[in-house]
Structures are given as structure tokens and as C-alpha cells.
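Student: Here is a sequence together with a model predicted from it:
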Amino acid sequence: MRLLDVRGLSVAFRSAGRDLSVIEDVSFSISRGEVVGLVGESGCGKSVTAMSILGLLPAGLARVTGGEARFEGADMLTLSARELRALRGLRIGTIFQEPMTSLNPTYTVGYQLTEVLKIHRLAGSRRARAAAAMDMLQQVGVTAPERRMGQYPHELSGGIRQRVMIAMALIAQPSLVVADEPTTALDATIQAQILDLLRNLNDRIDAGILLITHDLGVVAEFCQRVLVMYAGRVVEETTVEALFARPRHPYSRGLLDSTLRLDSPRSPLPTIAGSVPSPGRRGAAGCHFCGRCARAVARCRVDVPPFSDVGPLHRVACWNPVP
Amino acid sequence: MVALANNVVVHLARHKVSTAAALVVLAMIVAAVFAPWLAPHGPNIQFDNGLTNSGLPVPPGRVFPLGTDLMGRDLLSRMLYGARTSLVVGLAANAVAVFIGTVLGVVAGFVRGIMGAAIMRFTDLMLAFPALILAIALAAILHPTLWIVIAVIALVNWTWVCRVVYTQTIAISEREYIEAVRSLGASPLRVVLRHLLPHLVPTVIVWGTLGIATAVQLEATLSFLGVGVQPPTPSWGNIIFENQAYFSTAPWLVLLPGIAIVVVALAFNLLGDALRDVFDPTSRSRS
């Protein structure tokens, strides 16, 4: 059975009295032990997708308008707030982008790590909680865990803080980990260390990981499957190998072409002209990408392209895919 | 917390104006607490020699350092005991106001939606309503005692705290560590008590201190108008009220309590400003 199965997820933001659709008909699934990348430019709806599964959309501003997200059999979108809280932190761990701001500056590392255990009543005594927290710090490669437990976030470097965040996300041994740009705020060497760490830890706890990123290098390094999102829709879903060898959606192609490579000729870096249309300007008809697409045909402006198979484990939503 | 207290002390010592403000506040607290020992006479004793032969209050002199009032009572003693009244009313009324304001502000800022909007519109309504008229009306209906005066002032004073706490709550709940702790499965109650309130402490301390100045003034105003603290219990406001007829013949009876009110209100205001500078270095206007 699949760990997470998202079908037809749609989310709208309420703006000036009307609903603006930001996520349309997003479907994907993750199994245990699998790392799935969710890539796209800023504003594509990557984080909103993750937040809606976690039930953490800003109340009153955003709401799920359709679909389901089955996690271990239960539809996350219909669970009560209490049921969702029981899953968050315990069965689903979340790693955020900014280790600088995602830790509460007024509490020690030890307090914040043991808080997870306290919330979910995982370890009986204060002593057992502290022991579990120190063990977890050790596992994420933090040196001198006894000393770190008593330190405040501002006393730690960015890399250590992100390790602490990972420790908080994994301490309850969740079966699903949502990592929202976990390495974006870190420099390149630390980035590699953190990804290695995540991979090694996951070999042990065998969780499914949803990795949100805009960095294709991270995807190549870390993921098995990729979902490419554009303007609130999934436009391509495939294996990492297939995406890099033969991307079929013009947008995926554009993303790959605009990646910096060490071995590339000294020519200007190609870019995709224009920017992601904001939710109010996407229009209901046609493909959202057609305005920026060199391969657009007449039909692209009229009909939404269906998500169809173009090969084994390879689906794309395009009327005129890259050959 | 120790570091915080240390910061406050260092800051207050470094700025002359803040030092003066802190000393005035300290002096008032000492006067209020030790009034029975400091006062040369009882506050309500009418002295035979407290009035001149023509029945007028005695000017400041050896026996009565600040003179006597219209009934021949010692003004210094009445003012020391009046400091008690002002301090008790100022602190108690403001504590209640800060409590109401913080609770409503946090609820409105954290829950938002219809509930939040309703609370904030009610706060706006209370803010727009002339505070003094409301206070006079309430005090007149409820037959003023010390506790009624405290309640009335609290009822008028909570709105500012509520507004400030509301905006501050919204700002803090947008921070990522709040979302992070929610993603760990923390209940709303835990988020508020453990992760939101501690960050509101500086704001509440600053506005709590500023509010004392307003409360002291409002108490004086109500007492002056006769709907506040009732004679013979002395309060700076009702000393002025009782003696206003003697303004031309015995001006010290009105001027001294008036000056006391102004100085203490000013001191609490400056102290509040100084605390704000300690807690929020970006708002520092002077260095």
C-alpha cells in the first residue's frame, strides 16, 4: 500500500471576496523509503501543496477545494484538527527552509527537541526524553550533544541548526517526512552534508520523503522520482534519470537548460522568458505555460492538456511535448 | 530573565532622564509603603492649631511642613497617604487592564476570523468612546468605592494594551518557529502559552508601565470630579477637589498635589519609554 496518495488536490486562496485557484488537480503518491522531489519556480504552489497535506494552510485565507490526500489510509483533508495534530510530528515530520527562524529563539535546543516527545507522550520521564533527544542529536551528527542541549539557537551555526531541525522532525520516527527546501539557506558544502545525513537517516527509518526544492542539483543528488510543478499544476512526473536524460515538458526542458554546469561552453545561461503568472492571471482555459512556451500550438490556449503516459513511469501534461 | 533585568538596570543607570524617572517612581513607592512612619501626623486628624484665627489653612511651617488644608489637617501627611491611594489604584487598575487587554488581544490575534474581528471592533468602539464620560457615568451609577474606581479605570484603560498585543500577536504568529511547532503537532493552547506569550512579555511590560501613568491621572481626575476616591480617604485628586475654593488664599493646597500628579505621571511615562528602548533597540530615538 502506498504511504501517501494524493488525488486531485485543489486549493484556493481567498482574495478580495473571490476564490483564486492556486493548486489545481495535483496527484502523486509516495511509498515508504522513496524520495520524491517536487520542483518548480517560486510561486508554483510547491509549499502550498505540502502545507495543505499537513493541514497547515493559513485558516481563513486558503482552503482545500477538492481532492483527497490519503496518508496511511486516512484522508488528511477530512481529518479534524485534533486528529491532524496527533499525526503531525509523530507520523509526519516536517523540515523547514530557514533553520535561522524555524527554531524558537527563547528556548534551548534541548527544550525544543524534547517538546516533540512531550506533545506526543512518547517518553515517560524527563530523563528518558533528554536521553532520547541526546541520542537523536548524536544521530544527526551534532558533536557534544550534552552541551548543545543547553544552548540557544543563536549560539549555533546554520548547519547545526538545520541538523537540530532534522532531529526534531525525525525524533518520533515518522513514516513520512516533508522537507520544504531543507538546504536552500545553507552554503554548498553544508548542503551536501545535510543531504547525505538525510539519506543515511532514511536508510534507517525507511520513511517516505517529499522533498520540495527549486534546485535540480539537489533533485539529481537525492531523489528517485520527480514531480515538476508549474503554476499550480503538475506538468511532468517521471524518474530522476528520465527527467535529466529526456525531459518531455517544455517547462522541464527550460528548467534543465537554465541550470549552471561546470562543463558548459562559455555562453550566456539560457533562461525561460517571462515569469510564473500569479493565480489571478492564469485563466481557466488552456495550458498555464503556453504564454512562455516556444512549442505552443493553437490548442494550448484552448484546452487544458491531460496528464498522459509517454513512457514507463513517465507522464506529461502537454499537447506538443519535446520529442 | 536575569540578563533582562540586568539590561534594564544598566540602561536606566546610563540615561540621566531614565534614572530620574526610576528614582521618582521608587520615591513614590517608598512614600506609599512607609506612609504611616514617614507622615508627621495622622491623615485625618483635625488640629486645633491647624487653622488660623480667621479660619484659614495654615501656610507651610515647622509643625505642618506643607501647611494644613481647609479642615486643619496636615497636608504632607495627607499627600503621603494619598500616594498610597494613587499607587494602589494605578497598579491594581492597570494590572486588571493589562490582563483584559492581553487576553482579548491574544485571542483576537491568534484566532482571527469573525471572533477576532468582533473583539477588535469592540475595542475600537471603546477607544472611540470618550473615556472620561464613560468613567464618570459608571462611577456615578455604581457609587464609588476604591474597588469600583479601580474597576472603572481598568475598563477604560484596557483598549490600548489590547490593540498593541493584537498587532504583536499577529506579527509573532507569522514567524516560522510558530509554524514549525504547529508542524510538530502542538495544540493551539501550547502554541499560545509556550511559544507566543513569552514573546509578548516585553510589550506587556512597556505598555503596562505607560498605562500606570494614565491610570494615576484618571484616578486624580475622577477624584477631583467627586466620583473617584471618596473623602476622608486622601487621594491627590480629591485633595485638590476639597481645597479648590482656597486656590487664591492657600495655593499650595492645589499646587502641591497637582505637581505630585504631574511628576509621577511623567515619571511612569519616561520609565515606560526607557523600558521600550531596552526591549526594542530599533525604536531607540536618542542614544
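Tutor: Nice, thanks for sending it over.
Student: From now on I want contacts and neighbour counts done on CA atoms only, so please keep to that.
Tutor: Noted.
Student: so how far is the helix or strand containing A:Arg14 off the chain centroid?
Tutor: In this structure, A:Arg14 sits in strand A:4-15 according to DSSP states H and E. Its chain's C-alpha centre lies 15 Å from the corresponding centre of strand A:4-15 when counted by CA atoms, centre = their mean, to the nearest Å.
Student: Direction included, what does the helix or strand following it pair against?
Tutor: From strand A:4-15 onward toward the C-terminus, using DSSP H and E, the following helix or strand is strand A:18-30. If you go by DSSP bridges, strand A:18-30 pairs up with strand A:4-15 (antiparallel).
Student: So which bits of the strand it pairs with are buried?
Tutor: Applying a neighbour-count criterion of 16 or more other CA atoms under 10 Å in any protein chain shown, the buried positions in strand A:4-15 are A:Leu4, A:Asp5, A:Val6, A:Arg7, A:Gly8, A:Leu9, A:Ser10, A:Val11, A:Ala12, A:Phe13.
Student: and those as JSON lines, adding pLDDT?
Tutor: Shown next, in JSON lines, are these (pLDDT from 0 to 100):
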{"residue": "A:Leu4", "pLDDT": "94"}
{"residue": "A:Asp5", "pLDDT": "94"}
{"residue": "A:Val6", "pLDDT": "94"}
{"residue": "A:Arg7", "pLDDT": "93"}
{"residue": "A:Gly8", "pLDDT": "92"}
{"residue": "A:Leu9", "pLDDT": "93"}
{"residue": "A:Ser10", "pLDDT": "93"}
{"residue": "A:Val11", "pLDDT": "93"}
{"residue": "A:Ala12", "pLDDT": "91"}
{"residue": "A:Phe13", "pLDDT": "90"}
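Student: Which single residue in the stretch 101-250 of chain A comes nearest to chain B?
Tutor: Going by CA to the nearest CA, chain B is nearest to A:Ser102 of the stretch 101-250 of chain A, at 4.0 Å.
Student: wait, that residue sits on A:Phe96?
Tutor: Yes. A:Ser102 sits in contact with A:Phe96 when judged by CA atoms under 8 Å, with a separation of 6.8 Å.
Student: Overlap of the contact sets of the two?
Tutor: In the contact map built from CA atoms under 8 Å, 6 or more residues apart in numbering or on different chains, the residues linked to both A:Ser102 and A:Phe96 are A:Met165, B:Ala180.
Student: between the two, who's got more neighbours?
Tutor: The residue with more neighbours, out of A:Ser102 and A:Phe96 and counting by other CA atoms under 10 Å in any protein chain shown, is A:Phe96; that gives 26 against 21.
Student: Please identify the buried residues of the helix-or-strand element of chain B with minimal mean pLDDT?
Tutor: Counting by mean pLDDT, DSSP states H and E, the weakest-scoring helix or strand in chain B turns out to be helix B:2-14, with a mean of 74. Along helix B:2-14, the positions that meet the burial threshold by neighbour count (16+ other CA under 10 Å) are B:Val8, B:His11, B:Leu12.
Student: May I have that helix exported as CSV, CA atoms only?
Tutor: Output of helix B:2-14 as CSV, limited to C-alpha atoms (Å, rounded to 0.1, in the frame of the first residue of the first chain):
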residue,chain,number,x,y,z
VAL,B,2,18.3,37.7,35.0
ALA,B,3,20.1,39.0,31.9
LEU,B,4,17.0,41.0,31.0
ALA,B,5,16.7,42.6,34.5
ASN,B,6,20.4,43.4,34.2
ASN,B,7,19.9,45.1,30.9
VAL,B,8,17.1,47.2,32.4
VAL,B,9,19.3,48.3,35.3
VAL,B,10,22.2,49.2,33.1
HIS,B,11,20.0,51.1,30.7
LEU,B,12,18.3,53.1,33.4
ALA,B,13,21.6,53.9,35.1
ARG,B,14,23.1,55.1,31.8
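Student: Show me what the next helix or strand after it is packed up against.
Tutor: Proceeding C-terminally, helix B:2-14 gives way to helix B:16-33 as the next helix or strand, assigned by DSSP H and E. Contacts defined by 3 or more CA pairs under 8 Å, 6 or more residues apart in numbering or on different chains; DSSP states H and E place helix B:16-33 against helix B:2-14, helix B:75-111, helix B:252-279.
Student: And the residue nearest in space to the middle of chain B, what's its pLDDT?
Tutor: Central residue of chain B (CA atoms, centre = their mean): B:Ile212, 1.9 Å from the mean position. B:Ile212 carries a pLDDT score of 88 in this model.
Student: before we move on, the earlier item: let me know which of the helices and strands packed on helix B:16-33 is the nearest to chain A.
Tutor: The nearest among the helices and strands packed on helix B:16-33, by CA to the nearest CA, is helix B:75-111 at 9.0 Å.
Student: following that closest one, which helix or strand comes up?
Tutor: Scanning forward in sequence from helix B:75-111, with DSSP H and E defining helices and strands, the next element found is helix B:113-128.
Student: Please see if that following helix touches chain A.
Tutor: Yes. Judged by CA under 8 Å from any CA of the partner chain, helix B:113-128 and chain A are in contact via B:Gly113.
Student: Could you list the residues of the stretch 151-300 of chain A in contact with chain B?
Tutor: Counting by CA under 8 Å from any CA, the residues of the stretch 151-300 of chain A lying close to chain B are A:Ala169.
Student: Can you list the low-confidence ranges for the stretch 151-300 of chain A?
Tutor: Along the stretch 151-300 of chain A, segments meeting pLDDT under 70 span A:260-262, A:264-266, A:283-284.
Student: Could I get the full set of strands for it?
Tutor: Remark: strands assigned in the stretch 151-300 of chain A by DSSP state E, counting those that start in this stretch are A:176-180, A:208-213, A:225-230, A:233-239.
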